[in-house]
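Enquirer: Generate coordinates for the sequence data below:
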Amino acid sequence: MAIRGAELLQMQQSDPHWRNLRAIQDAGNRAAHLTKQLLTFSKRQPKPLRPVALSRLVEGEGDFLRRLVGEAIRLDLETGQGESWMVMADESQFHQVLMNLAVNAKQAMPDGGWLKIGIENVEVGGHSGTVPPGQYVLLSVTDTGHGMDDETQSHIFEPFFTTKGEDGTGLGLATVYGIVRQSGGEISVSSKVDVGTTFRIHFPRTLEVDAAMNS
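Expert: Sure, this is the predicted structure:
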């Protein structure tokens, strides 16, 4: 029998069955979340992309992200003075990217900390490592969490790899990686143990004009 949240709230925490029912509800929530991640990860048909300004999307997610990470974590959004260059993206998938990276940061800061999400226009030259030369919109997500060693960093984008035991599915960052690559972007990570972690995602600039935004 399904246990609805409203029914659980009507019970007193002193009720001897309350803890068991709460555990059942939590297990159901985790199963639903895992199922959703699996469905997202297993989809093979790419979503249609359209030109969007990532600075506008990040600003629009501010309230949601603050509720997600909680009051113990300071969240700063740095989207620059003007609107970012346009990139080809799907808004719902970009929401998933932000949500998964924010959850990952929250889990790395159980006692609170600082999370900074930035958007900036960048031009990459010919000697920049893995990112080809060109114009990009850079999304950076930096936390002051427990960080990762080199071995962990080499596996974090692999499906089902997790350092969180039973609390992790290993699909969050793999999903982020898939979405970024589908958008033609590049993702990298830098981290130090007990210092923090920064994810950097380069989305290629597009010069296409979205008629809907100019109508």
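
Enquirer: downstream neighbour of the longest strand along the chain in the secondary structure list?
Expert: Longest strand in the chain by number of residues (criterion: DSSP state E): strand 113-124. Using DSSP states H and E, the helix or strand that follows strand 113-124 in sequence is strand 134-143.

Enquirer: Just list what that next one packs against, helices and strands only.
Expert: On a contact count with 3 or more C-beta pairs under 8 Å, 6 or more residues apart in numbering; DSSP states H and E, strand 134-143 meets helix 54-60, helix 91-108, strand 113-124, strand 196-204. Heads up, the C-betas are built off the backbone N, CA and C, glycines and all.

Enquirer: related to what we said a few turns ago, so what touches the longest strand of the chain?
Expert: 54-55, 58, 65, 69, 72-80, 84-85, 98, 102, 105-106, 109, 131-145, 196, 202, 205 (C-beta atoms under 8 Å, 6 or more residues apart in numbering).

Enquirer: Make a markdown table out of the helices and strands packed on strand 134-143 and add mean pLDDT, distance to P159 and mean neighbour count.
Expert: What follows is the helices and strands packed on strand 134-143, written out as a markdown table (pLDDT from 0 to 100; distance: least, C-beta to C-beta, whole Å; neighbours: other C-beta atoms under 10 Å):
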| stretch | mean pLDDT | distance to P159 | mean neighbour count |
| --- | --- | --- | --- |
| helix 54-60 | 94 | 26 | 18 |
| helix 91-108 | 94 | 13 | 19 |
| strand 113-124 | 96 | 25 | 18 |
| strand 196-204 | 97 | 17 | 21 |
